[in-house]
Every structure is written in C-alpha cells, then in structure tokens.
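> this is a predicted model, with the sequence first.
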Amino acid sequence: MRTRLLLLPVLAAMLVPGAAQAQQTLPAVPSLTQKPPPVTLGQVTLTTSAVFPDNQPIRSGLVWRVYEDKGDTTQPTIIARSSSPTPSFTLTPGNYIVHVAYGFAGASKRLTIQSGGLSERLVISAGALKLKGAVGDSAIPASKLSFSVYVPIGSNSEGRLVIANARADDVIRLPEGTYHVVSTYGDANAIMRADLKVETGKVTEATLNHRAATVTLKLVASEGGEAFAGTAFSVLTPGGDVIREAIGAFPSVTLAEGDYVLIARHEGKVQTRDFKVESGLDRDVEIVAKP
C-alpha cells in the first residue's frame with residue numbers, strides 16, 4: 001500500500017508531460033495592498049500676456065503667479081510662476097486664479113479650465129517713476145540719495161508709504177495716479193519733496209533739486225592745523241534742535257542751506273561756533289580749540 005502512494009506523483013508527472021514545469025510557471029496572485037498605477041488626467045495649456053489699456057504690450061517687469069482656486073475661504077495655493085512676458089502654463093482641468101504683478105501694480109482673473117488650449121490677456125493701468133537728484137547743475141551721486149514714495153490720503157501728503165529707500169535711476173513701477181516723493185540727500189536734513197503724476201504706459205522722469213552742501217567738521221589747535229581725533233560733534237539749529245551727531249577727527253555731514261551751531265567735545269572741554277551752509281558750497285568747518 002505504501003509503495004503505491006509513493007509512486008502516484010511520479011506517475012502523474014510521466015502521464016502529463018510538462019506538469020512539473022506548469023506548476024512552477026503559474027502567475028503570482030497580485031497583492032491586495034499594491035497601489036494601482038496613477039491615472040493621467042487631460043492637460044490644458046494656458047498662455048498669458050499683459051497690456052496697458054491702450055493695448056500696448058508690456059514686454060518686461062512682469063511676474064506671473066497661478067493659484068489653485070479652491071472656492072472657499074482656504075488660502076489659494078500657488079502652483080506656478082514665471083517672469084516671462086508671455087508665459088505658458090500646463091495645467092489639469094480645474095479652477096484657477098491668474099495674477100500678474102508689474103512692480104506695485106497688478107491684475108488678476110479667475111479662470112475655469114476644462115479642455116484644449118486657452119489664451120488670456122490681462123490689462124494693467126500702470127506707469128513708472130525714474131528719479132534723480134541734483135544741486136544746481138551738478139548731479140548728486142546715486143549712492144548719496146534715497147527716495148520714499150507715498151500715496152496722498154486727504155490732506156495728508158504722506159498718507160500711505162508705497163516704497164522706502166528707493167535708489168536713483170531705479171524704475172519704480174506704480175499704478176496710474178499722483179504720488180508724493182521725498183528725496184533725502186545724505187543722512188541729515190537735506191530733504192526735497194515733489195508731487196508727481198504717473199501715467200499709464202509712460203515713465204515719468206524727474207530730478208529733485210536740493211539746496212544743500214556737505215561740510216567737514218574739525219576741531220583744531222590752530223587754523224588749518226591737524227584735527228583732533230575722537231572729537232564728538234553736534235550740529236544744532238539756532239533754536240537748539242539737534243540735526244546730526246558724529247564722532248571722529250573730521251566727519252562729513254550734508255546739510256540743507258541755512259544757519260547752524262556746531263558743538264565740539266574733546267577731553268572734557270566744550271567748544272562752539274556758528275556757521276552757515278550755502279547751497280553747492282562744500283567746505284571745512286573748523287573750531288579752533290581755546291587754551
């Protein structure tokens with residue numbers, strides 16, 4: 001009986017050719033936990049451009065952003081960006097917000113994308129300012145100038161700050177309108193102001209003319225002599241308001257034209273003198289130390 005049972009597998013293999021191989025090549029059963037391959041949705045190409053209201057194309061200075069519009073109070077998620085003047089975005093069907101920034105100006109549009117290609121053109125009402133400074137006929141170096149631009153609100157010319165510390169010759173892109181510009185020469189009281197209009201599609205260039213000069217402060221033992229190091233200087237108005245303070249042998253300060261009082265402190269002694277600043281006349285202002 002045992003002999004017959006042992007021979008049965010052998011007989012089965014002999015009677016059915018290839019049976020052993022068939023057992024080895026049966027396909028494996030797929031795992032129930034294995035993830036199905038991803039399904040690729042249809043894709044749509046969105047091409048964008050921006051123009052001024054007169055249909056003049058904007059060819060530079062643009063920053064594009066595409067947001068997924070979730071249709072609720074959730075903050076939109078940015079999914080693409082470009083600085084090309086006419087970018088193309090490949091998107092899946094859905095709802096989006098397209099925004100384009102042109103400096104401090106911009107435009108946006110909500111889109112529902114379903115299929116095929118789509119082209120959108122956004123209109124921006126904006127221009128630009130390009131600012132410089134001068135004293136008389138002499139241009140002020142850009143490194144010594146800074147500009148702040150404000151939007152007037154009611155009777156307040158500095159109602160809302162748009163940009164601070166802009167540099168000379170920067171192209172400041174702004175929505176169309178009137179702006180209040182403050183130009184600072186140096187780091188004291190040499191300040192000029194102007195109201196300037198920005199027109200759509202145009203660059204408004206303006207030079208703000210300062211009435212100021214740069215003076216070098218010195219405390220000396222005799223006129224034209226060597227300056228004392230480590231001297232503390234204070235520049236005041238005749239009414240006593242402090243305009244500028246500095247420490248050193250010969251610090252320089254740029255001041256609006258007018259009358260001033262200079263105070264020098266060195267080794268426990270205080271020296272003073274009055275002086276006048278004339279526009280465009282850079283010079284040394286010395287205090288001769290009294291014995």
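Perfect, thanks for sending it.

> tell me where the stretch 1-150 of the chain has helices.
Shown for the stretch 1-150 of the chain, the helices assigned by DSSP state H, counting those that start in this stretch span residues 2-15, 19-24.

> shaky segments in the stretch 51-200 of the chain?
Along the stretch 51-200 of the chain, the model assigns pLDDT under 70 to residues 72-73.

> ranges for the strands of it?
Here the stretch 51-200 of the chain has its strands, by DSSP state E, counting those that start in this stretch, at 62-68, 77-82, 88-91, 94-102, 105-113, 117-123, 126-135, 138-139, 145-153, 156-166, 171-175, 177-185, 190-198.

> of those strands, which stretch is the most buried?
strand 126-135 (a mean of 21; mean count of other C-beta atoms under 10 Å). The way it works is simple: take the backbone N, C-alpha and C, and place the C-beta from them, glycine included.

> could you spell out the sheet neighbours of it, each with its direction?
Paired neighbours of strand 126-135 in the sheet (DSSP bridges): strand 138-139 (antiparallel), strand 171-175 (antiparallel), strand 203-209 (parallel).

> switch those over to TSV; also include distance to Phe233.
Converted to TSV, the strands paired with strand 126-135 look like this (distance: least, C-beta to C-beta, whole Å):
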stretch	distance to Phe233
strand 138-139	26
strand 171-175	35
strand 203-209	28
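
> among these, which is nearest Pro238?
Closest approach to Pro238 among those (C-beta to C-beta): strand 203-209, 24.8 Å.

> for Ile263, which of the strands of the stretch 51-200 of the chain is the nearest?
strand 190-198 (20.1 Å).

> what angle do strand 177-185 and the closest one make with each other?
Relative orientation of strand 190-198 versus strand 177-185 (axes from the mean of the first three to the mean of the last three C-alpha atoms, to 10 degrees): 160 degrees.

> I figured Trp64 hits Ser84, correct?
Yes: counting by C-beta atoms under 8 Å, Trp64 does reach Ser84; the two are 7.4 Å apart.

> in JSON lines, list the strands of the stretch 51-200 of the chain along with distance to Gln271.
Written out in JSON lines, the entries for the strands of the stretch 51-200 of the chain read as follows (distance: least, C-beta to C-beta, whole Å):
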{"stretch": "strand 62-68", "distance to Gln271": "56"}
{"stretch": "strand 77-82", "distance to Gln271": "61"}
{"stretch": "strand 88-91", "distance to Gln271": "69"}
{"stretch": "strand 94-102", "distance to Gln271": "55"}
{"stretch": "strand 105-113", "distance to Gln271": "54"}
{"stretch": "strand 117-123", "distance to Gln271": "65"}
{"stretch": "strand 126-135", "distance to Gln271": "29"}
{"stretch": "strand 138-139", "distance to Gln271": "32"}
{"stretch": "strand 145-153", "distance to Gln271": "33"}
{"stretch": "strand 156-166", "distance to Gln271": "35"}
{"stretch": "strand 171-175", "distance to Gln271": "45"}
{"stretch": "strand 177-185", "distance to Gln271": "28"}
{"stretch": "strand 190-198", "distance to Gln271": "25"}
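
> relative to Gly280, which of those strands is closest?
Closest to Gly280 of those is strand 126-135 (C-beta to C-beta; 5.0 Å).

> output the closest one as CSV, restricted to C-alpha atoms.
The C-alpha coordinates for strand 126-135 follow below in CSV (Å, rounded to 0.1, in the frame of the first residue of the first chain):
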residue,chain,number,x,y,z
ALA,A,126,0.3,101.5,-14.7
GLY,A,127,3.4,103.5,-15.4
ALA,A,128,6.7,104.2,-13.7
LEU,A,129,8.9,106.8,-12.0
LYS,A,130,12.6,107.3,-12.5
LEU,A,131,14.1,109.7,-10.1
LYS,A,132,17.4,111.7,-9.8
GLY,A,133,18.8,114.4,-7.6
ALA,A,134,21.0,117.5,-8.2
VAL,A,135,22.4,120.6,-6.5
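
> and it, how far from the chain's centre?
Distance of strand 126-135 from the chain centroid (C-alpha atoms, centre = their mean, to the nearest Å) equals 17 Å.

> equivalent analysis for stretch 173-189, please.
So, by C-alpha atoms, centre = their mean, the centroid of stretch 173-189 is 16 Å from its chain's centroid.

> got the end-to-end distance for that stretch?
The straight-line separation of the ends of stretch 173-189 (C-alpha to C-alpha, to the nearest Å) is 27 Å.

> make sure Arg65 is actually in contact with His99.
Yes: counting by C-beta under 8 Å, Arg65 touches His99, with 4.9 Å between them.
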